[in-house]
Each structure stands twice: as structure tokens, then as C-alpha cells.
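Participant: Turn this into a model:
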Amino acid sequence: MTEKTTSKYLLNLEKQFASDNPILLKAAKLFHELDQIEYDFGFLDTDDTTASKGSWWPVISLVAGNSAAKAKFLSSYLGTEQLLSSIQASNQKFTVLSHSPQANTATLPGTALDVDHRYPFYKISRKIEQLQKGEGSRINAYLELKTINSSQVKNKLIVDMPNLSGAPTNPVTSMLTQHVIAQSDLVLVFTDIFDSASPALDELVAYIAANQDSNKFIYLVDDATAALTASRNSEILSSWQRKLSEHGLYTGQIIILPNQATGVSSQNQGDFSAIDRRVSNVENDRSYRVLDTIEKNIQEIDTVIMPELKKAIELWKERSAFSSFIILGFFATLAIFAEIETGIILGSLLDPIIGPAVILLLIAIMVPLHLGISKLQAKIIINQLNNQQKKLNLLENLANAFEQNITFWRTLLPVSDPVGWNKKTKARLTQLSDKTKDLVQELNDNFSIYNE
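Facilitator: Residues are numbered from 1 along each chain as shown. Model prediction:
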């Protein structure tokens, strides 16, 4: 077994979390153990890592309808009025807001997000291209990165999603919306999305309902009448609980936004305390999400990656054997016709000297033919695996792992299980899963101890 070097990405993560987050430091080491297992199978190259499948930044996302509530909230909450007009101008893009010490706001193209594995859109252009041919090269039409000087986005990312409208749903936008929600630790849903019915709303609600998490979704109500009386406030909350339940949404916190009509002010800044409490917890949510990613990667090996590889090996052997049997059948047919014409073939095969010699000659012909046919079939299977890898959006190189399974002896022998996929490897994955569960328990112990 060749030792895999730790990827640069993991080294940077270990350096980042060495002093302030021991859980994620240990998680990075577990990812390296998982990388070693996948590297042994040929799924990963030397500097690849399964840790790059998800963002290690705490991610907060926002989705809203066509009202100005979201833009006003961002400007008020982040404390920068200059952000309002720039966001409204590009509200058809997924805008990632990142902290910068620079006073001026800078806008970078979507390609900056696609090539940087620290962001939740790493290599997303491949997925876009797979979904819609030619759209992967137009990633700048869908994504942008905006840097702002606001303490509210320090050590975290805010993803402002395009406003929902009654227009027909764009498949790429729908896919990116679901991708962002899956990558987010906190999703702020502005209730103006429920003001009008649309296919995009139905799709979003169905996705949220299928992934309901009381700690992940906050529904923000922009209602100026809420500040009139406490009873009016309670009435609004009850009304929205009923409306959300009608859509099949039963979990998540409902928060009434402060009156933002007057723009950014110190008073409005202080009114976001309820949201601040949830935002302050996103780093813990991120830690649980990262640990969950390890578990999902381990499950994916057993339920997706290995079955795909094994299916490819079985298909390759079936096609190779079938092609060889056709040739062998052709030789048998010739022998039958020769026996009918001459009547000496059967007697020759029964001869103690000529018979074995004929069999050896047949083996000498068929083995090279079978190897050649197997190589030809392998090339076809490799092309299919490359397409399947893109279709499943897998980091793992299925074709490379397949090539490690088409050695001389495995071509001749009836073996279809991938090389190394045995009880020992499965036990290693089980141990890795147990270590992940131990880290989850250790993370839980940071908040409470069951038997102190």
C-alpha cells in the first residue's frame, strides 16, 4: 500500500484549526484517513481530498420574493447602505458576501468561486454543464463574489440567492438553489416568497419540506404593523405558523423584522438580537455539518461508488466473455462442418497426442484474442465511467479505479469484486465511522455532559 501524502487543502485546514477548533482539526485527520482508503482503490490522485466536497466556512443563505425586504435587511444588518443598490442590481445572481478589511466593496466573477475549494461553489461549473450543455462556461452569469467591510460576515459567508418570481423555473437556478440550501448552516427565508404562487416557489417549498430542520431555517416576516402592540405581534406569528403549515412547513423559527423604513441606524442594528443569537451558532452548526459530510462520504463509498465500480467490472467481463464465446463458437462451427465433410476431426481430438495439441493450440489462440477483446471492451467501459462520474457529480475517478482491476489474471479469472474491497477495508470504514461518531459526541460534550 502506497502512503498518500496529505493534500495541500487539508494541510491548510489543519493549520487554520490547530489552535481554535480541535474538533475540526481531528475531522481533517479523519478525512485524510478516508482519502488514504480511496487512494488505495485509485479513486483519488495524490493531492485530491474528499474534504473538498463541502465548504468548511460557516454558510448563511437568504432567499426572498420580489419585495425589497431582503435588500433592506442586508443593508441594515450588515451596516452598509452602499450594499443595497449593488445587490438590487444583481439580484438574478447568487451573490457570495465575504469579509474584507478594505473599505471599498469589490465584486469578483463567478469563476473565483468555481476554482477555490474554500467556497461552497467549488467546481460547480461541472455540475451546471452536466445539467445543461454549454451553461458551465457561463458561470459568471449565475455567480459572483462580493467583498464587504462588515464585522457581521467575519469568519463566515452569506449567500444571497436570486429573488423568486413568477417566471418559468430555470433548471440551473433551481439546482443552485438546492445546492446552496444543502451547503448552508442557516437559511433565512423571507416570507414575501409566499405572496404569489409560482413553480419556483412550489419547488423551493417542496425541497425545504423534504429537508426540514428546526435549527436551519428562519422565516423572516416584514410587517410594519407588528410594532404597534404585543398582541398584534403575537397575532402575526400565529398567522404565519398557520400559513407555513399549509405548505407542509412545521419546523423553523419565525422572526418579525424590525421596521426598516428609516434605513440603517443604531436602533435598527440593535433590533436584530434574535437573529444574532442564531447567527452566533453557525460555527457549531458548521462543525456538525462537516462531521456529517464524513459519514455521508463513507456511506457513498458503500452505496454509490463501489456498486458503480463493481457494475462496470461485471459488465466488462460479461461483454469480454460473450465476445470470446462468439469466436469460440465460430471455431466450433468450423470443426462441425469439417467433421461432416471429412469425418476425421472427432477421431483426431480423441487421439492422445493430437487431441491435447489441438487444445493447447486453441488456448494459445484464444488467450491473446480474449485479452485483446477485453482491452477493447475496457476502453468502452472507461468512456461510460467518465460520463457516469460527471452525471453523479463524483470527485472520485471511477475510470482510474476500474483500470486497476483489469490486470492480466483478473482478465482471465471469473472475479468481479473490486481489488481490495474486502472485510478488512470494510472494517477500516466502520472504524472511521465510529471515530466520526466519537467526534460528534465530543462536540456534544462542549455544551452538556450527560454523566458529570
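Participant: Return stretch 124-137 as CSV; C-alpha atoms alone will do.
Facilitator: Extracted in CSV, the C-alpha atoms of stretch 124-137 (Å, rounded to 0.1, in the frame of the first residue of the first chain):
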residue,chain,number,x,y,z
ILE,A,124,-19.9,23.8,-9.6
SER,A,125,-19.4,24.6,-13.3
ARG,A,126,-19.1,20.8,-14.0
LYS,A,127,-22.5,20.2,-12.4
ILE,A,128,-24.0,23.1,-14.4
GLU,A,129,-22.5,21.7,-17.6
GLN,A,130,-23.9,18.3,-16.9
LEU,A,131,-27.3,19.7,-16.3
GLN,A,132,-27.4,22.0,-19.3
LYS,A,133,-24.9,21.7,-22.1
GLY,A,134,-22.9,24.9,-22.7
GLU,A,135,-24.0,26.6,-19.4
GLY,A,136,-20.9,25.6,-17.4
SER,A,137,-18.9,28.1,-19.3
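Participant: Report the distance from it to the chain centre.
Facilitator: 15 Å (Cα atoms, centre = their mean, to the nearest Å).
Participant: in stretch 121-135, what's buried?
Facilitator: If you call a residue buried by 16 or more other Cβ atoms under 10 Å, then stretch 121-135 has these buried ones: Phe121, Tyr122, Lys123, Ile124, Ser125, Lys127, Ile128, Glu129, Gln130, Leu131, Glu135. Every residue, glycine included, has its C-beta placed from N, CA and C.
Participant: Break the protein down into its structural domains.
Facilitator: The chain breaks down into these domains under automatic domain parsing: 56-280, 295-430.
Participant: Tell me which helix or strand comes right after the lengthiest helix in the chain.
Facilitator: Longest helix of the chain, by residue count under DSSP state H: helix 354-392. Moving toward the C-terminus from helix 354-392, the next helix or strand (DSSP states H and E) is helix 398-403.
Participant: Output that following helix in CSV, but only the C-alpha positions, please.
Facilitator: Taking Å, rounded to 0.1, in the frame of the first residue of the first chain, the C-alpha atoms of helix 398-403 are listed here in CSV:
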residue,chain,number,x,y,z
LEU,A,398,-14.2,5.8,-11.4
ALA,A,399,-12.2,5.1,-14.6
ASN,A,400,-8.9,5.1,-12.9
ALA,A,401,-10.1,2.7,-10.2
PHE,A,402,-11.5,0.5,-13.0
GLU,A,403,-8.2,0.3,-14.7
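Participant: Mind listing what's buried along it?
Facilitator: Leu398, Ala399, Asn400, Ala401, Phe402.
Participant: and Val159, that's in a strand?
Facilitator: Yes. Counting by DSSP: H, G, I helix; E, B strand; the rest coil, Val159 is part of a strand.
Participant: Next one: it from Val187, what distance?
Facilitator: 9 Å (Cβ to Cβ, to the nearest Å).
Participant: between the domains of the chain, which one is nearest to Ala28?
Facilitator: Closest to Ala28 of these is domain 56-280 (Cβ to Cβ; 8.8 Å).
Participant: Tell me, how many residues neighbour the nearest residue to Leu78 once chain neighbours are set aside?
Facilitator: Closest residue to Leu78 apart from its sequence neighbours, by Cβ to Cβ, 6 or more residues apart in numbering: Ser150 at 4.3 Å. Using other Cβ atoms under 10 Å, Ser150 has 19 other residues around it.
Participant: Report the helix or strand with the lowest average pLDDT across this structure.
Facilitator: helix 266-270 (a mean of 40; mean pLDDT, DSSP states H and E).
Participant: that older thread, of the buried residues of stretch 121-135, closest to Ile359?
Facilitator: Using Cβ to Cβ, the buried residues of stretch 121-135 come closest to Ile359 at Gln130, 50.2 Å.
Participant: shared neighbours, Val159 and Val187?
Facilitator: Shared contacts of Val159 and Val187, defined by Cβ atoms under 8 Å, 6 or more residues apart in numbering, comprise Ile60, Ser61, Leu62.
Participant: how about a markdown table for those residues, with distance to Leu439 and neighbour count added?
Facilitator: Converted to a markdown table, the shared contacts of Val159 and Val187 look like this (distance: Cβ to Cβ, whole Å; neighbours: other Cβ atoms under 10 Å):
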| residue | distance to Leu439 | neighbour count |
| --- | --- | --- |
| Ile60 | 23 | 24 |
| Ser61 | 25 | 24 |
| Leu62 | 30 | 26 |
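Participant: CSV for those residues, including pLDDT, secondary structure and distance to Ile327?
Facilitator: Below are those laid out as CSV (pLDDT from 0 to 100; DSSP: H, G, I helix; E, B strand; the rest coil; distance: Cβ to Cβ, whole Å):
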residue, pLDDT, secondary structure, distance to Ile327
Ile60, 94, strand, 63
Ser61, 94, strand, 59
Leu62, 94, strand, 64
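Participant: just checking, Ala106 touches Asn149?
Facilitator: No. In this structure Ala106 lies outside contact range of Asn149 using Cβ atoms under 8 Å: 10.1 Å.
Participant: Find residues that contact each of those two.
Facilitator: In contact with both Ala106 and Asn149: Ser100, using Cβ under 8 Å, 6+ apart.
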